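In: Need coordinates for the following:
(one chain, ligands or ions: 3)
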Amino acid sequence: MNRIGVFTSGGDAPGMNAAIRAVVRAGIFYNKEIVGIYRGYEGMIEGDFEEMNVRSVANILQRGGTMLKSARSKEFRTPEGRKKAFDQLKKHNIDGLIGIGGDGSFTGMHHLFLEHGMPYICIPGTIDNDIPGTDYTIGYDTATNTAVEAIDKIRDTALSHNRLFFIEVMGRDSGYIAINSGIAGGAVSIIIPEEETSIDELVEKLNKGGKKKKTSSLVIVAEGGKSGSAMEIAQKVKEKSSYFDTKVTILGHLQRGGSPTYFDRVLASKMGVAAVEGLDQGKTDSMVGISHHEIIFNDFEKIMNQPKDIHKDDLRIAKILSI
Ligand SMILES: Nc1ncnc2c1ncn2[C@@H]1O[C@H](COP(=O)(O)OP(=O)(O)OP(=O)(O)O)[C@@H](O)[C@H]1O
Ligand SMILES: O=P(O)(O)OC[C@H]1O[C@](O)(CO)[C@@H](O)[C@@H]1O
Ligand SMILES: [Mg+2]
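Out: Ligands and ions are numbered 1, 2, ... in the order given. This next block holds a predicted model:
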């Protein structure tokens, strides 16, 4: 393994830059050549490559976003698109890949490996924390802290105006950001895609709070849930009870940006070094992860066919605390 390509793919996540830096510096430390691939699989198909050196990654550790830029590529989902990407990698003598991205990006690398034998290691970088085989993905801690900061601010207005707020957080089909920002932000209820939510039970809970002189409430809603968006849930609640002055805030992409927390920087640094070492030692079709504070590797087949369990106990705790 002499020349390693590094890229970021899927939604950007705070800490991706720290991971790129770690891959480039560890690669150079182990006498490898490192090639940066711009715009994820889109840039891989087009051959948008650049040689990286120690200085290419100076002053990026603390920055949000990704200096290599990111993309979602439709073409890479096809065997023809992946063949084009592989031809570009061969043309540039790249003999191993380190991709930083979410479950979709990992699946893409797996297909490239199956079809063309390109060795790779995935570094889990997504705010969603929705990849099995690691306790944490890069960006999740920062995004959840950002959500909590926003929730605290909304609470000020909720309290001052006696309002009920529905706050929608990101997480595609994953309730991680919702559960933990909900616990940290003192939400009365947390609605996640992994669990059915009864609107009647929610209204009953809110009414109960109202009777106990609770004048304001925050409900955290994860996007992509079966009960609908925060806007739709708020509407359904309004139809069943006119008791509340109701507002909706969608936090959206502000959760994806900003300077990474210390946790995400350290996680990204550890995972970046481990990915280079793993690839150099012959590991492939695998993802670096963290479990009980230890760096681990998991093969694609072992982890990607199982759902990541949402912590049922966290939901239980949220329910106890929101009486
Ligand atoms: N099943 C698949 N087969 C081949 N390529 C895939 C597949 N799924 C995803 N990809 C590729 O990976 C890219 C990124 O995937 P996706 O948009 O799902 O984001 P992700 O990596 O899961 O990150 P995030 O969820 O944080 O945005 C896709 O645009 C596509 O090019
Ligand atoms: O920025 P885009 O492409 O709209 O994607 C939004 C999605 O990306 C994420 O931020 C990360 O996967 C999800 O939480 C969200 O559903
Ligand atoms: Mg994903």
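
In: how close does residue 142 get to ligand 3?
Out: Between residue 142 and ligand 3 the distance, using Cβ to the ion, to the nearest Å, works out to 17 Å. (C-beta placed from N, C-alpha, C; glycine too.)

In: Work out the gap between the helix or strand harbouring that residue and the centre of the chain.
Out: Here residue 142, judged by DSSP states H and E, is contained in helix 140-161. Averaged C-alpha coordinates place helix 140-161 at 19 Å from its chain's average position (Cα atoms, centre = their mean, to the nearest Å).

In: need the residues of this structure near ligand 2, please.
Out: By Cβ under 6 Å from any ligand atom, the residues of the chain that approach ligand 2 are 11, 102, 126-128, 170-172, 223, 256.

In: Using CSV, write out the CA atom coordinates for stretch 78-92.
Out: Extracted in CSV, the C-alpha atoms of stretch 78-92 (Å, rounded to 0.1, in the frame of the first residue of the first chain):
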residue,chain,number,x,y,z
THR,A,78,-24.7,2.4,-10.7
PRO,A,79,-22.1,-0.2,-11.6
GLU,A,80,-21.1,2.0,-14.6
GLY,A,81,-20.4,5.0,-12.3
ARG,A,82,-18.3,2.9,-10.0
LYS,A,83,-16.3,1.5,-13.0
LYS,A,84,-15.5,5.1,-14.0
ALA,A,85,-14.4,5.9,-10.4
PHE,A,86,-12.2,2.8,-10.3
ASP,A,87,-10.6,3.7,-13.6
GLN,A,88,-9.7,7.1,-12.3
LEU,A,89,-8.2,5.6,-9.1
LYS,A,90,-6.1,3.2,-11.2
LYS,A,91,-5.0,6.0,-13.5
HIS,A,92,-3.7,7.9,-10.5
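
In: Tell me which residues are up against that stretch.
Out: Contacts of stretch 78-92 from elsewhere in the structure, counted by Cβ atoms under 8 Å, 6 or more residues apart in numbering, are 3, 5, 35, 41, 44-47, 49, 73-76, 97, 108, 111-112, 115-116, 118.

In: in that stretch, what's buried?
Out: Neighbour counts using 16 or more other Cβ atoms under 10 Å place 81-82, 84-86, 88-89 of stretch 78-92 among the buried residues.

In: try stretch 220-240
Out: Using 16+ other Cβ under 10 Å, the residues of stretch 220-240 that count as buried are 220-225, 227-230, 233-234, 237.

In: Let me see the mean pLDDT of it.
Out: Summarised as a single mean, pLDDT over stretch 220-240 is 93.

In: And the furthest pair within the buried residues of stretch 78-92?
Out: When Cβ to Cβ is used, the two most widely separated members of those are 81 and 89, lying 13.0 Å apart.

In: First-to-last residue distance for stretch 244-264?
Out: With Cα to Cα, to the nearest Å as the measure, stretch 244-264 spans 39 Å from end to end.

In: quick one: it near ligand 1?
Out: No. In this structure, stretch 244-264 remains apart from ligand 1 according to Cβ under 6 Å from any ligand atom; the gap is never smaller than 8.7 Å.

In: Flag every buried residue along that stretch.
Out: Buried residues in stretch 244-264, defined by neighbour count with 16+ other Cβ under 10 Å: 244, 246, 248-251, 255-256, 258, 260-261, 264.
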